[in-house]
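[1] Sharing a model prediction with you, sequence too.
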Amino acid sequence: MEEKLKALVISSLLGDSMAMPVHWIYDTSEIDQRFGRVEELIPPSKGSYHGASQAGEFTHYGDQVMVLLKSLAACSGFDLDQFAQDWRGLFQGYKGYFDHATKTTLKNFEAGKGPFHSGSPSTDLAGAARIAPLVYCYADDLPLLVSSCRAQTAMTHNNPMVIEASELFSVLVSKVLSGSTPTAVLKELSEGDRVGSAPFGQWIEEGLDSVNKDTRDAVGELGQSCAIESAFPAVVHLVAKYETDLREGLVENVMAGGDSAARGLLVGMILAAHNGMKALPAEWLSDLKSYRQIMDLLKQVDAAKTAG
């Protein structure tokens with residue numbers, strides 16, 4: 001399991017970095033014309049949402065995942081107050097993009113609200129997509145994993161469905177690490193009690209029912225947007241369709257357009273939990289600028305867990 005745990009953190013961030021150059025381009029023909037088929041880590045265009053970044057770097061989503069990973073390494077586990085402090089520090093002089101959820105959360109902090117009450121009401125799935133470092137840290141303690149995922153999500157996205165999604169994805173990846181296939185777990189979740197009152201069961205079924213469709217067509221129908229009602233079933237489609245082909249899954253995610261970075265964080269995490277490090281292309285790893293730093297931070301987390 002240790003190898004798959006490392007892989008899922010790296011792969012989640014690869015999913016973000018792969019998507020970064022074309023993030024939020026909704027017209028897929030524009031992606032074709034300007035970038036061709038995106039099969040490697042490439043730089044963004046100047047003037048784009050992430051135009052200040054270089055090839056192999058992250059969107060503002062991936063940067064927040066890195067903050068969470070650093071916080072876990074420094075605190076020997078998840079500490080919401082420290083994560084909140086580190087998260088705020090990221091955006092002091094930040095040269096990347098500030099989305100609405102980030103702006104609202106920062107205003108709430110400035111108004112004196114603490115991390116339990118700072119979250120925006122955003123329905124964007126991105127808030128639930130940052131959880132790979134927490135899975136790495138707490139894969140052997142599901143209750144603690146779930147509570148940590150919910151807390152980190154609510155700090156910026158205090159929306160019941162987004163918070164619930166973070167729990168569902170934490171349970172999904174935990175079961176995959178234990179040996180189940182992603183598709184089997186998704187079917188189990190769609191029929192179980194964890195879907196709650198929100199329409200997660202329906203969204204899972206929609207995603208699973210679309211696996212025989214072309215991914216661009218499927219994501220176009222399910223929705224390319226950041227909102228959970230679109231992004232959640234689109235993630236299900238990608239995870240189920242490319243269950244044994246991580247590389248193709250992340251490439252097709254990028255080519256489907258829209259909020260590909262948030263989807264990529266989750267798709268990369270889940271597919272790596274199933275397929276392991278061997279599924280990560282060597283050239284992607286060598287081009288990922290933070291690769292050595294990520295590995296060093298994971299070692300720090302390991303050392304803290306061993307000492308504890």
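    In hand now; what should we look at?

[2] Spell out which helix or strand contains residue 57, please.
    Assigned by DSSP states H and E, residue 57 belongs to neither a helix nor a strand.

[3] Neighbours of it, how many?
    20 (other CB atoms under 10 Å). Any C-beta I mention is one placed from the backbone N, CA and C, and that applies to glycine too.

[4] show me what contacts it?
    By CB atoms under 8 Å, 6 or more residues apart in numbering, the contact list for residue 57 reads 17, 20, 50, 289, 290.

[5] quick one: residue 163 from residue 287, how far?
    34 Å (CB to CB, to the nearest Å).

[6] How about residue 226?
    26 Å.

[7] Counting neighbours, go ahead and name the busier of these two.
    Neighbour count, other CB under 10 Å: between residue 226 and residue 287, residue 226 has more, with 22 against 17.

[8] does residue 10 belong to a helix or a strand, and which?
    Judged by DSSP H and E, residue 10 forms part of helix 2-19.

[9] Could you point out the helix or strand that follows that helix?
    helix 28-35.

[10] who touches that following helix?
    21, 22, 25, 38, 42, 45, 216, 220, 254, 255, 256, 257.

[11] what ranges of the stretch 151-300 of the chain fall below the confidence cut-off?
    193-198 (pLDDT under 70).

[12] Helices of that one, residue ranges please.
    Taking DSSP state H, counting those that start in this stretch, the helices of the stretch 151-300 of the chain run over residues 160-177, 182-191, 200-209, 215-222, 228-241, 246-255, 260-275, 282-287, 291-307.

[13] and the angle for the fifth one with helix 260-275?
    If I follow you right, that is helix 228-241. 30 degrees (axes from the mean of the first three to the mean of the last three CA atoms, to 10 degrees).

[14] From the contact counts, what lies against helix 228-241?
    On a contact count with 3 or more CB pairs under 8 Å, 6 or more residues apart in numbering; DSSP states H and E, helix 228-241 meets helix 160-177, helix 182-191, helix 200-209, helix 215-222, helix 246-255, helix 260-275.

[15] So which elements touch the second one?
    This points to helix 182-191. Partner elements for helix 182-191 (3+ CB pairs under 8 Å, 6+ apart): helix 160-177, helix 200-209, helix 228-241, helix 260-275.

[16] make it 6 Å
    Packing partners of helix 182-191 (3 or more CB pairs under 6 Å, 6 or more residues apart in numbering; DSSP states H and E): helix 160-177, helix 200-209.

[17] Identify whichever of the ones you listed lies nearest to residue 297.
    With CB to CB as the measure, helix 160-177 is the member of the helices and strands packed on helix 182-191 nearest residue 297 (18.9 Å).

[18] what residues does that closest one touch?
    Outside helix 160-177, the residues that touch it by CB atoms under 6 Å, 6 or more residues apart in numbering are 1, 127-128, 131, 135, 139, 142, 145-146, 149-150, 153-154, 182, 185, 196, 198, 228, 270, 273-274.

[19] can we see that at 7 Å?
    1, 4, 8, 123, 125, 127-128, 131, 135, 139, 142, 145-146, 149-150, 153-154, 182, 185-186, 189, 194, 196, 198, 200, 228, 232, 266, 269-270, 273-274 (CB atoms under 7 Å, 6 or more residues apart in numbering).

[20] Show the buried residues in those residues.
    4, 8, 123, 125, 127-128, 131, 135, 139, 145-146, 149-150, 153-154, 182, 185-186, 189, 194, 198, 200, 228, 232, 266, 269-270, 273-274 (16 or more other CB atoms under 10 Å).

[21] could you dump the helix holding residue 10 to PDB, C-alpha only?
    Output of helix 2-19 as PDB, limited to C-alpha atoms (Å, rounded to 0.1, in the frame of the first residue of the first chain):
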ATOM      1  CA  GLU A   2       2.900   2.400   0.700                       C
ATOM      2  CA  GLU A   3       3.800   2.600  -2.900                       C
ATOM      3  CA  LYS A   4       0.200   3.300  -4.000                       C
ATOM      4  CA  LEU A   5      -0.100   6.000  -1.300                       C
ATOM      5  CA  LYS A   6       2.900   7.900  -2.700                       C
ATOM      6  CA  ALA A   7       1.600   7.400  -6.200                       C
ATOM      7  CA  LEU A   8      -1.900   8.800  -5.400                       C
ATOM      8  CA  VAL A   9      -0.400  12.100  -4.000                       C
ATOM      9  CA  ILE A  10       1.900  12.600  -7.000                       C
ATOM     10  CA  SER A  11      -0.800  11.500  -9.500                       C
ATOM     11  CA  SER A  12      -3.300  13.900  -8.000                       C
ATOM     12  CA  LEU A  13      -0.900  16.800  -8.500                       C
ATOM     13  CA  LEU A  14       0.000  15.500 -12.000                       C
ATOM     14  CA  GLY A  15      -3.700  15.700 -12.800                       C
ATOM     15  CA  ASP A  16      -3.700  19.400 -11.900                       C
ATOM     16  CA  SER A  17      -0.400  20.200 -13.600                       C
ATOM     17  CA  MET A  18      -1.500  18.400 -16.800                       C
ATOM     18  CA  ALA A  19      -4.700  20.500 -16.900                       C
END
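
[22] Alright, I will stop here.
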